[in-house]
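> Have a look at this fold, sequence not included:
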């Protein structure tokens, strides 16, 4: 099938003027340009024409855009900011958590990069992203939905595609930026047909040429896809990289021209099209959301293991799912990954069989290997409570105790444990929420004692201008204070932990303190 010379009316094929192929506003720079801007909604007399409000600090997309003349959603429609998967009762968060905080500031804080954060802090962030909370009091109807999109974007950043899709399914389908995220998340989990169905179900959305060509071909209408491409490239020249990829996608016989150069910044759509032409891209250097694609059963075991470990580090992949990957087959050749596979498989078999001596032999090696990739909390979630019940030798029992404190049953394990030194006494005190009378061995221990020696009553100065009216924003700042404070700024660390306790997030504060001592995630 040759594409050259194919002509068809642009009005019939494209439905939008060629000038509408500018790049769309983007909250995450790797999202596909799957929606055309400029004519987001097809011309219909009664159709509203919502556009996403500009990203703070980003230059205008076009001179002459007047935000006050448009609305993201209908003024009488409920804002998507209230959408969530976890009820306020389940999370323990107050429904009016966002209070009077400006929506744009909340959105910016949620999107913020937080590298090397503690698992407890990552878990709290996930709850904030998924919680069903009242919209901010200062929500501007013209920018309504900005907080919702920021929460979805952060879920995508963490690789939590299924929760993101579940939230997007509750939002207005014809909103262009919501469509883009639904489209891309479905592509990344290998549900291309679901992505194209979302496009078909959103008749007011004007999809880009690349997205329409892809979906026509996926539906088996290769001739229409070729006609669309041939017309589109004449009306408005495409970037050379895009043009070459679409041509190769539609003309497999061009394979003899050699492989295409790797795209500089592949979107999910480009990623899927490269896979379709037989030139799949490795995901190791791509955003973690792309790792979800490697979890599909049609990928090799090594690729699925590496993807699983990336997603487990962000708290997205369940511990039992990761164990299932480790124990799926006999271990492979030598190498760090395969050493972890062997150790986890042996430990799992020994725990299942109740072979205490074998557990005592393997546990230190398994912990050390998982520590190299910051996955030692998996051991706690998988076996922490069971390890505490075993009669292990003293040196292994100390390690098993610390692993147990990384499990949800940390307080129960601490109460049943007889401490053997001052370090274990402090750990037990933190797990029980009171360190009074327990000596500290270093500066971090002294800091944690200041937080846990007594119930938190005094609000840290860092949050006085936010609490109580802007508690949600204060908590987001506390997440950063704990994350950055763990690297050496103990003033911030103490303030963040104190706020967590004062806000009723006692479990998160205790777990974070235990992780600071056990995992040694410090600068």
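Structure received. The model shown is predicted, which means the values in this text are computed figures rather than measured ones.

> alpha carbons only for contacts and neighbour counts from here, please
Fine.

> low-scoring stretches of the protein, by residue?
Scanning the chain for pLDDT under 70 picks out 1-28, 37-78, 139-144, 254-257, 521-523.

> Can you tell me the closest non-neighbouring residue to the spatially most central residue of it?
The centroid of the chain falls nearest to residue 158 when counting by CA atoms, centre = their mean (1.8 Å). Counting by CA to CA, 6 or more residues apart in numbering, residue 314 is the residue found nearest to residue 158 once chain neighbours are left out, at 6.0 Å.

> So the residue nearest to the centre of the chain is in contact with residue 288, correct?
Yes - if you go by CA atoms under 8 Å, residue 158 and residue 288 touch, sitting 6.5 Å apart.

> what sits in contact with each of those two?
Common contacts of residue 158 and residue 288 (CA atoms under 8 Å, 6 or more residues apart in numbering): residue 311.

> Would you confirm that the residue nearest to residue 158 contacts residue 123?
No - using CA under 8 Å, residue 314 is not in contact with residue 123; the gap is 9.0 Å.

> Neighbour count for the two, which is higher?
residue 314 (21 against 16; other CA atoms under 10 Å).

> I'd like the distance between the more buried one and residue 289.
Residue 314 sits 10 Å away from residue 289, going by CA to CA, to the nearest Å.

> Show me the common contact partners of these two, please.
158, 159.

> how long is stretch 479-494 from one end to the other?
Terminal-residue distance, stretch 479-494 (CA to CA): 12 Å.

> Next: stretch 416-426.
End residues of stretch 416-426 are separated by 15 Å (CA to CA).

> re earlier: could you pull up the residues touching the residue nearest to residue 158?
Going by CA under 8 Å, 6+ apart, residue 314 touches 122, 158, 159.

> In a helix, residue 282, correct?
No - Residue 282: not assigned to a helix; according to DSSP: H, G, I helix; E, B strand; the rest coil it is coil.

> Next, work out how far apart residue 193 and residue 217 are.
11 Å.

> Give the helix, strand or coil label for the closest residue to residue 100 other than its chain neighbours.
Using CA to CA, 6+ apart and skipping the chain neighbours, the partner closest in space to residue 100 is residue 137 (4.8 Å). Following three-state DSSP, we place residue 137 in the coil state.

> ok, residue 271 - contacts?
280, 281.

> tell me which element it falls in.
In this structure, residue 271 sits in helix 268-276 according to DSSP states H and E.

> who's in contact with the spatially closest residue to residue 351 that is not a sequence neighbour?
Distances taken as CA to CA, 6+ apart put residue 359 closest to residue 351, at 6.7 Å, once the chain neighbours are dropped. Contact analysis of residue 359 by CA under 8 Å, 6+ apart lists 347, 350, 351.

> cool, and residue 369?
336, 339, 340.

> how close does the first one sit to residue 291?
Okay, so that is residue 336. For residue 336 relative to residue 291 (CA to CA), the value is 19 Å.

> now swap in the second one and tell me
Look at residue 339 and residue 291: by CA to CA, they are 21 Å apart.

> do residue 134 as well
Plainly put, residue 134 is 33 Å away from residue 291 if you go by CA to CA.

> try residue 91
Residue 91 is 28 Å from residue 291, by CA to CA.

> ok, now residue 312?
Counting by CA to CA, the gap from residue 312 to residue 291 is 11 Å.

> With neighbour numbers in mind, choose between those two.
Ranked by neighbour count (other CA under 10 Å), residue 312 and residue 291 place residue 291 first, with 25 against 20.

> looking at it, that one is touching residue 313, isn't it?
No - the pair residue 291 and residue 313 fails to qualify as a contact (CA under 8 Å) at a distance of 11.9 Å.

> In this structure, which helix is the longest?
helix 336-353 (DSSP state H).

> So which elements touch that one?
helix 319-326, helix 356-371 (3 or more CA pairs under 8 Å, 6 or more residues apart in numbering; DSSP states H and E).

> go with 10 Å
helix 301-313, helix 319-326, helix 356-371, helix 377-387 (3 or more CA pairs under 10 Å, 6 or more residues apart in numbering; DSSP states H and E).

> what helix or strand does residue 29 sit in?
Using DSSP H and E, no helix or strand contains residue 29.

> And for it, the neighbour number?
11.

> Then the one 5 residues further on?
Taking other CA under 10 Å as the neighbour definition, residue 34 ends up with a count of 28.

> same check, this time on residue 89
The local packing of residue 89 (other CA under 10 Å) involves 11 other residues.

> With residue 476 as the reference, measure out to it.
20 Å.

> Same check on residue 411?
26 Å.

> again, but for residue 161
Distance from residue 161 to residue 476, by CA to CA: 22 Å.

> Neighbour count for those two, which is higher?
residue 161 (25 against 18).

> How about the more buried one: what's its closest non-neighbour residue?
That would be residue 185: by CA to CA, 6+ apart, it lies 5.8 Å from residue 161.
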